[in-house]
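Asks: no FASTA, just this:
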């Protein structure tokens with residue numbers, strides 16, 4: 001059976017899988033490969049740095065004729081950034097972390113699908129009120145940034161599904177294989193937004209040592225923290241900590257975030273290590289499903305593999321063998 005959902009129908013994609021728009025990881029090659037595989041590839045637009053993101057948007061547009069999109073950090077961009085990005089003709093624009101109210105009209109005038117990611121019920125209600133085309137319900141299992149006191153994905157997704165009514169919801173957080181996708185669909189979601197699993201692909205913008213760290217890690221090796229954002233001088237709002245793999249720098253500064261903010265020597269030490277991509281300090285973004293990631297596989301192959309595994313599980317559970 002084909003996994004056709006409100007999400008696949010809305011965006012005319014074959015599989016109910018979207019790539020999380022991970023800044024510095026999900027470039028044009030990875031987004032295009034996910035789209036070519038039948039999912040929705042989303043370029044990580046981050047804070048909207050045009051010199052960095054422009055080439056990736058161009059690459060995505062040139063590399064696939066299938067629907068693709070771009071995701072931005074809501075707190076870090078303005079409507080002009082949206083106006084610039086939609087000139088590349090993405091099929092979807094995703095906004096995460098912050099109040100998207102000033103930005104949604106600019107997305108709508110482009111005819112791009114408006115995807116709003118939410119981390120708590122207040123954000124979910126706002127997304128519904130703003131008329132999101134698709135809502136991403138991100139649970140606390142997720143890698144990278146998430147809510148300060150998030151519910152786990154299994155608890156959060158069905159609540160958002162009920163709240164959203166007819167609006168399609170994608171589940172996010174800790175989903176790394178076909179079982180996770182099947183579970184998301186069973187919870188009432190129209191698909192899954194997947195991040196960590198796609199870090200282990202040749203198209204991801206990660207180093208060989210980052211890829212190895214992902215393959216070697218388990219969910220117990222991850223930790224939600226603000227420490228690495230403080231060390232790297234990233235001005236993230238306090239309500240959005242980040243889940244990363246544990247490292248030596250985190251071990252040294254755990255529980256001492258306020259002291260770290262004013263320690264110039266520690267900041268210099270961090271910058272020196274990070275400049276060398278030394279993973280004893282630099283963050284490796286990873287969700288709690290990282291232990292299920294055991295091999296590097298092309299993204300275009302991975303999308304149908306995940307979907308097929310979910311199809312088999314659902315067929316078995318419903319007696320359609």
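Replies: Cool, the structure landed. Here the structure is a predicted model, which is why all the values come from computation and not from measurement.
Asks: Would you map the strands across the stretch 151-300 of the chain?
Replies: Remark: strands assigned in the stretch 151-300 of the chain by DSSP state E, counting those that start in this stretch are 169-172, 191-194, 222-225, 242-245.
Asks: wait, what's in contact with residue 123?
Replies: residue 116 (CB atoms under 8 Å, 6 or more residues apart in numbering). The way it works is simple: take the backbone N, C-alpha and C, and place the C-beta from them, glycine included.
Asks: circling back: tell me which of the strands of the stretch 151-300 of the chain lies nearest to residue 63.
Replies: Residue 63 sits nearest to strand 191-194 of all the strands of the stretch 151-300 of the chain, at 19.5 Å, using CB to CB.
Asks: Now do the closest one: which elements does it pack against?
Replies: Other elements packing on strand 191-194 under the criterion 3 or more CB pairs under 8 Å, 6 or more residues apart in numbering; DSSP states H and E are strand 17-19, strand 169-172, helix 178-186.
Asks: Just give me the neighbour total for residue 50.
Replies: Residue 50 has 12 neighbours, counted by other CB atoms under 10 Å.
Asks: element containing residue 135?
Replies: Secondary structure from DSSP states H and E places residue 135 in strand 134-138.
Asks: Check what contacts that strand and list those residues.
Replies: 7, 10, 18, 92, 94, 96, 113-119, 124, 127-128, 146-147, 150, 153, 156-157, 159-161, 164, 167-173, 189-190, 193.
Asks: Within its sheet, name the partner strands of it and how each one runs.
Replies: strand 113-118 (parallel), strand 169-172 (parallel) (DSSP bridges).
Asks: Quick check: which of those strands is nearest to residue 50?
Replies: strand 113-118 (21.2 Å).
Asks: average pLDDT for whichever helix or strand comes after the closest one?
Replies: On the C-terminal side of strand 113-118, the nearest following helix or strand under DSSP H and E is helix 121-129. Averaged across helix 121-129, the pLDDT comes to 97.
Asks: Which positions in helix 121-129 come out as buried?
Replies: Residues of helix 121-129 classed as buried: 123, 124, 126, 127, 128 (neighbour count, 16 or more other CB atoms under 10 Å).
Asks: got it, and stretch 286-306?
Replies: In stretch 286-306, residues buried by neighbour count (16+ other CB under 10 Å) are 286-293, 296, 299-300, 302-304, 306.
Asks: rewinding a little: which of the contacts of strand 134-138 are buried? Put it as a ChimeraX command.
Replies: Filtering the contacts of strand 134-138 down to the buried ones (16+ other CB under 10 Å) takes a single ChimeraX command:
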select :7,10,18,92,94,96,113,114,115,116,117,118,119,124,127,128,146,147,150,153,156,157,160,161,164,167,168,169,170,171,172,173,189,190,193
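Asks: returning to what we had before: and which of the buried residues of helix 121-129 is nearest residue 258?
Replies: Nearest to residue 258 among the buried residues of helix 121-129, with distances taken as CB to CB, is residue 123, at 26.8 Å.
Asks: Turn the helices and strands packed on strand 191-194 into a markdown table, columns for mean pLDDT and distance to residue 69.
Replies: Formatted as a markdown table, the helices and strands packed on strand 191-194 follow (pLDDT from 0 to 100; distance: least, CB to CB, whole Å):
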| stretch | mean pLDDT | distance to residue 69 |
| --- | --- | --- |
| strand 17-19 | 98 | 8 |
| strand 169-172 | 98 | 12 |
| helix 178-186 | 97 | 19 |
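Asks: Residue 63: which of the ones you listed is closest?
Replies: Going by CB to CB, the one of the helices and strands packed on strand 191-194 nearest residue 63 is strand 17-19, 13.5 Å.
Asks: Would you mind listing the outside residues contacting that closest one?
Replies: By CB under 8 Å, 6+ apart, the list of residues contacting strand 17-19 reads 7, 26, 30-31, 34, 38-42, 136, 170, 181, 191-195, 198, 299, 303, 306-307.
Asks: what does the average pLDDT come to for stretch 5-16?
Replies: Stretch 5-16 comes out at a mean pLDDT of 97.
Asks: can you check stretch 33-41 too?
Replies: 98.
Asks: ok now that stretch, how far from the chain's centre?
Replies: Stretch 33-41 sits 14 Å away from the centroid of its parent chain (CA atoms, centre = their mean, to the nearest Å).
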